[in-house]
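Visitor: The following block contains a protein sequence and its predicted model.
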Amino acid sequence: MLHIHFTEADLARTRLASEPDPLWEIALSLHRLQTQQGRSAHAEWYRTTRVRLADQGLEGVLRHLLLPAFPRAAYFPDFLTPTRGAQGLAAGLAALVDTPTDRVRREVKRFMAVGAPSWAPRLVEREMRQDLANALRRYYEVALAPYRERTLARVEADRSVRGRALLVGGADGLLDGLGPQMRWDPPVLHVHYPPEERDLVLDGRGLTLVPSYFCWGPPISLADSTQPPVLVYPALREARPTAVDRPLGVLLGRTRAQVLRGTALGANTGELARLAGVSAPTVSQHISALRDAGLISSLRYGTSVLHTLTPLGAALLRGPDKPVSAVS
């Protein structure tokens, strides 16, 4: 169990990452290749990615370099998922390569104690870190870039839910609704984090919450408590279609029904386009039709427009009320 200790200053500085972190997604996607856990949720990605990696001649790099660097174990070096990864893949890989040698040596020593590959000590050499960064870039382009829109849609949907919780309940509401793997008992967030039992004292630094498409099961954090605090957790999964969804799709059409469902928690035009898998002009047509029918409303906020359900739209999503039994 990981116990994250907050102060009032930490609550004020807790935030949600604005986008998927590419290096965390790389690390956690490599974990998906090492276990059956979460395989069904990523079945299409697993099947197509293994083919693409083979076609690009990356199977050897995957087997001998990438999977050993990111074992699905209790530890892999923190410098492989640097904070600057939040600024994009190029910034994250540059930070990885530029990691101070003393830090690399310290983390590799810990890595060796839990079964690191034999080549791990060479990571103290900048050239070796550059080779690893090059391999990570190639892996990202083949395995993750084709799924970027889907990843963005899932993370943005999660952010919408968390943002609504923050608006309604403040930081307490956000932390209290993070899911079954986490329990908010103010001022401590208890996180299921096998096999360790440790404490993370934020000490005014705040916490960055990073929803992840490829994270499955327990959330994950950095091992070094002196680094900027981050907690990567599984983004909310898409709900399976219900009995209400099927007639809604017949009534509105599949894409328009997806757009209507996507506005349930509030979404902008780009988010709805990614969710429905259509272009922005196409989703704008569906939005206009739903708005003209009185099912959604649109409010400009800054440079974007937020679309939300009207009471009529919410009633349509809920479906018909269950009949009340007659009383004799």
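Guide: Alright, I've got the coordinates.
Visitor: name the element Val305 belongs to?
Guide: Assigned by DSSP states H and E, Val305 belongs to strand 304-309.
Visitor: So which elements touch that strand?
Guide: For strand 304-309, the contact count by 3 or more CB pairs under 8 Å, 6 or more residues apart in numbering; DSSP states H and E identifies strand 267-268, helix 269-276, strand 296-301 as packing neighbours. C-beta coordinates here come from the backbone N, C-alpha and C atoms, glycine included.
Visitor: number of nearby residues for the nearest residue to Tyr139 once chain neighbours are set aside?
Guide: Closest residue to Tyr139 apart from its sequence neighbours, by CB to CB, 6 or more residues apart in numbering: Leu66 at 5.9 Å. Number of residues near Leu66 (other CB atoms under 10 Å) recorded here: 22.
Visitor: likewise Val155?
Guide: Other residues within reach of Val155 by the criterion other CB under 10 Å amount to 25.
Visitor: Centre of the chain to whichever strand or helix holds it, how far?
Guide: When elements are assigned from DSSP H and E, Val155 belongs to helix 148-176. Averaging C-alpha positions (CA atoms, centre = their mean, to the nearest Å) puts helix 148-176 11 Å from its chain's average.
Visitor: Only the buried residues of that helix, if you could.
Guide: 148, 151-162, 164-166, 171, 174-176 (16 or more other CB atoms under 10 Å).
Visitor: can you check stretch 24-43 too?
Guide: Applying a neighbour-count criterion of 16+ other CB under 10 Å, the buried positions in stretch 24-43 are 24-33, 38, 41-42.
Visitor: Assess the claim that His5 and Asp199 are in contact.
Guide: Yes - taking contact to mean CB atoms under 8 Å, the distance of 6.4 Å between His5 and Asp199 places them in contact.
Visitor: most centrally placed residue in the protein?
Guide: Relative to the mean C-alpha position of the chain, the nearest C-alpha, by CA atoms, centre = their mean, is the one of Ser212, at 1.6 Å.
Visitor: What helix or strand is the residue nearest to it when sequence neighbours are not counted located in?
Guide: Closest residue to Ser212 apart from its sequence neighbours, by CB to CB, 6+ apart: Val232 at 5.1 Å. Assigned by DSSP H and E, Val232 belongs to strand 230-234.
Visitor: May I have the strands that pair with that strand, each with its orientation?
Guide: strand 208-212 (parallel), strand 220-221 (antiparallel) (DSSP bridges).
Visitor: Reformat those as JSON lines; add mean pLDDT.
Guide: Listed next are these as JSON lines, based on pLDDT from 0 to 100:
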{"stretch": "strand 208-212", "mean pLDDT": "95"}
{"stretch": "strand 220-221", "mean pLDDT": "94"}
